[in-house]
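Engineer: any chance you could fold what I've pasted below:
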Amino acid sequence: MLLPSIDGAGMTLPAVREQYRHYALTIRNVCADTARERLRYIDCLFEHFGQPQSVAELFAALNPSTITEFLLDYATRHESGTRQAMHTAVRGFLRFIYEEQYMPGDLSGLVPTVQRHAMSELPRALPDSCISALEDSIDRSCPAGRRDGAIICLLSTYGVRGIQIRRLRLEHIDWQNERIHFPPAKRGRPVVQHLTVKAGNRLADYITNGRPPSDLPEVFLTLSTAAALTCKTYLSVMIERRLQRSKISLPQGVSHGTHGFRHAFAVRMTGKVPFKDLVDMLGHRDPSSALIYAKADVQTLQQAALPWPGVSR
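Structural biologist: Numbering: from 1, shown residues only. Next up is the predicted model:
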């Protein structure tokens, strides 16, 4: 059952945020994790409008022009998968505030569907120079810096998914044999890699000097409550804040979250290791899932290209 509608003039953002969460769970019938994820995206919408003091102030700022401006700005900083999730969240929120009669018109139709076609684009990798600059900008003398520095090091070194970092357990680090085991994700395979000196040092420094005292098995914990990183957007939010704080500008379309590191790793390895090894490093079961990275090896593709009849090369 829906919560009773309240006059938007006196509502705060936390109140309408909670009402939307209840709406998503009970009316849209999404699971708790999905509702939590969509609220993260809605928080980005609130931030874009400067965290208005009241709901009425936010609703007054929402119109076709400002919504389009927000979506276009977001598109310049995120890849298609993240844009698709943002569009879904914003579309649902706009439909909610119309159904609750906070807005006189339904603006959800202004949010287009993000089409994603397989193999239609080159992978947009995070430039190595930006990764180096980001790592150098982190002050690892404090617990937050030790944790975030270790996370970014693992993402860059191994190209694993954010969920594999969040699910990494202390028992997955084989210090004696210098191996690190990442659990499978998205019905893929587990990833087992050599524990590099840099990654090992960053992990040891965090676990010894930065990790809060806890009996939890997960390696990386929240700083304030020493809880596991259960929210799927936690790492992406952390990375984007680090980028903003360091004033590092990424090329248009490159992910500001964890996936930019994965693309960078795969592009870096393409052409240097056998394709089967790359598939295993990425944890894919289906080799076709990694074919997109073959497009990044432009030099090899040029050698394979046949001359066009009647045209000299």
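Engineer: what's in contact with the helix ranked longest in the chain?
Structural biologist: In the chain, taking DSSP state H as the definition, the longest helix is helix 80-99. Identification of contacts with helix 80-99 by CB atoms under 8 Å, 6 or more residues apart in numbering yields 16, 20, 23-24, 28, 37-38, 41-42, 44-45, 59, 62, 67, 70-71, 74-75, 78, 103, 105-108, 110-114, 116, 121, 236, 255, 257, 259. Quick note: C-beta positions are derived from backbone N, CA and C, even for glycine.
Engineer: show the subsequent helix or strand relative to it.
Structural biologist: Using DSSP states H and E, the helix or strand that follows helix 80-99 in sequence is helix 128-137.
Engineer: other SSEs contacting that following helix?
Structural biologist: helix 143-158, helix 234-246, helix 259-269 (3 or more CB pairs under 8 Å, 6 or more residues apart in numbering; DSSP states H and E).
Engineer: show me where the stretch 1-150 of the chain dips below the pLDDT cut-off.
Structural biologist: Flagging of the stretch 1-150 of the chain using pLDDT under 70 yields the residue ranges 1-10, 115-123.
Engineer: how many neighbours does the spatially closest residue to T76 that is not a sequence neighbour have?
Structural biologist: Leaving out its chain neighbours, the residue that sits closest to T76 by CB to CB, 6 or more residues apart in numbering is Q252, at 5.1 Å. Q252 is flanked by 9 other residues according to other CB atoms under 10 Å.
Engineer: just give the number of residues close to D43.
Structural biologist: Other residues close to D43 by other CB under 10 Å number 16.
Engineer: make that Q176, sorry
Structural biologist: 6.
Engineer: and of the helices and strands packed on helix 128-137, who's closest to I180?
Structural biologist: Closest approach to I180 among the helices and strands packed on helix 128-137 (CB to CB): helix 143-158, 7.5 Å.
Engineer: if you count neighbours, what's buried in that closest one?
Structural biologist: Counting neighbours by 16 or more other CB atoms under 10 Å, one finds that the buried residues in helix 143-158 are 145-158.
Engineer: what's the neighbour count on G200?
Structural biologist: G200 has 16 nearby residues by other CB under 10 Å.
Engineer: got it, and H87?
Structural biologist: When neighbours are defined as other CB under 10 Å, H87 has 18 of them.
Engineer: quick one: it from G257, how far?
Structural biologist: Applying CB to CB, to the nearest Å, the value for H87 to G257 is 16 Å.
Engineer: show me how this protein divides into domains.
Structural biologist: Domain assignment for the chain, taken from automatic domain parsing, gives 8-109, 128-297.
Engineer: how far does the last one sit from the chain's center?
Structural biologist: It stands for domain 128-297. The chain centroid and the centroid of domain 128-297 are separated by 12 Å under CA atoms, centre = their mean, to the nearest Å.
Engineer: the residue nearest to T76 against Y74, yeah?
Structural biologist: No - with contact defined as CB atoms under 8 Å, Q252 does not count as touching Y74 (11.8 Å).
Engineer: next, the residue nearest to T76: secondary structure please.
Structural biologist: Judged by DSSP: H, G, I helix; E, B strand; the rest coil, the three-state class of Q252 is coil.
Engineer: any idea of the pLDDT on it?
Structural biologist: In the predicted model, Q252 carries a pLDDT score of 77.
Engineer: any idea how far it is from N177?
Structural biologist: 42 Å.
Engineer: just M281 next, same as before
Structural biologist: Going from M281 to N177 by CB to CB gives 18 Å.
Engineer: with S246 instead?
Structural biologist: From S246 across to N177, the span is 35 Å (CB to CB).
Engineer: show me which of the two is the more surrounded one.
Structural biologist: Comparing S246 with N177 by neighbour count (other CB under 10 Å), the higher total belongs to S246, at 15 against 8.
Engineer: who's the closest spatial neighbour of D33, skipping the chain neighbours?
Structural biologist: Spatial nearest neighbour of D33, chain neighbours left out: K232 (6.9 Å); criterion: CB to CB, 6+ apart.
Engineer: turn the domains of the chain into JSON lines, including distance to P309.
Structural biologist: JSON lines is the format used below for the domains of the chain (distance: least, CB to CB, whole Å):
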{"stretch": "domain 8-109", "distance to P309": "36"}
{"stretch": "domain 128-297", "distance to P309": "24"}
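Engineer: show me what contacts the nearest residue to P184 once chain neighbours are set aside?
Structural biologist: Among residues not flanking P184 along the chain, P190 sits closest, at 4.8 Å (CB to CB, 6+ apart). P190 makes contacts with 181-184, 283, as judged by CB under 8 Å, 6+ apart.
Engineer: try 10 Å this time
Structural biologist: 164, 172, 181-184, 280, 283 (CB atoms under 10 Å, 6 or more residues apart in numbering).
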